[in-house]
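Q: Give me a model of this one.
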Amino acid sequence: MDKIFKALADSSRRRLLDELFKKNGQTLSELCDHLEMTRQSVTKHLLILEQANLIIVEWHGRNKIHYLNAAPIGEIYDRWIGKYASHRIEALSELKKSLEEE
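A: Residues are numbered from 1 along each chain as shown. Next comes the predicted model:
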């Protein structure tokens, strides 16, 4: 999970994930069109995202296609966000019930 948090810590990498969310399955050239970075910089960011398992790469002939892998983000949600959100939802539900009873 440390690799995932490290990968998500950088705004350029988050932007790459956002671009893949908008249109999954893009080449390096397509991803570079959305960023004001050199191809080399984008390639380095993509490698970090791939190592964190946040993207999956497939080769189609000579084209390397990048796909978003949302599963690790779902695991973060389940482990770190979901458990805190459920308490808030329960508290709001109880507040609503008590206000309706008055």
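
Q: Can I get stretch 86-95 in CSV? Just the C-alpha atoms.
A: C-alpha atoms of stretch 86-95 as CSV (Å, rounded to 0.1, in the frame of the first residue of the first chain):
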residue,chain,number,x,y,z
SER,A,86,-19.9,4.7,7.6
HIS,A,87,-19.9,6.2,11.1
ARG,A,88,-20.9,9.6,9.7
ILE,A,89,-23.7,8.0,7.7
GLU,A,90,-25.0,6.2,10.8
ALA,A,91,-24.8,9.5,12.9
LEU,A,92,-26.7,11.4,10.2
SER,A,93,-29.3,8.7,10.1
GLU,A,94,-29.8,8.7,13.9
LEU,A,95,-30.0,12.5,13.8
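
Q: For that stretch, the averaged confidence score.
A: For stretch 86-95, mean pLDDT rounds to 78.

Q: all strands for the protein, in order.
A: In the chain, the strands defined using DSSP state E lie at 55-60, 63-68.

Q: Start from the N-terminal end of the protein and give the helices.
A: 2-8, 11-22, 28-33, 39-51, 71-76, 82-101 (DSSP state H).

Q: can you redo those as CSV with mean neighbour count and distance to Asn63?
A: Heads up, the C-betas are built off the backbone N, CA and C, glycines and all. Converted to CSV, the helices of the chain look like this (neighbours: other C-beta atoms under 10 Å; distance: least, C-beta to C-beta, whole Å):
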stretch, mean neighbour count, distance to Asn63
helix 2-8, 14, 23
helix 11-22, 16, 15
helix 28-33, 15, 9
helix 39-51, 16, 14
helix 71-76, 13, 24
helix 82-101, 9, 37
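
Q: Let me have those in CSV, extended by distance to Val57.
A: Below are the helices of the chain laid out as CSV (distance: least, C-beta to C-beta, whole Å):
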stretch, distance to Val57
helix 2-8, 15
helix 11-22, 11
helix 28-33, 10
helix 39-51, 6
helix 71-76, 15
helix 82-101, 29
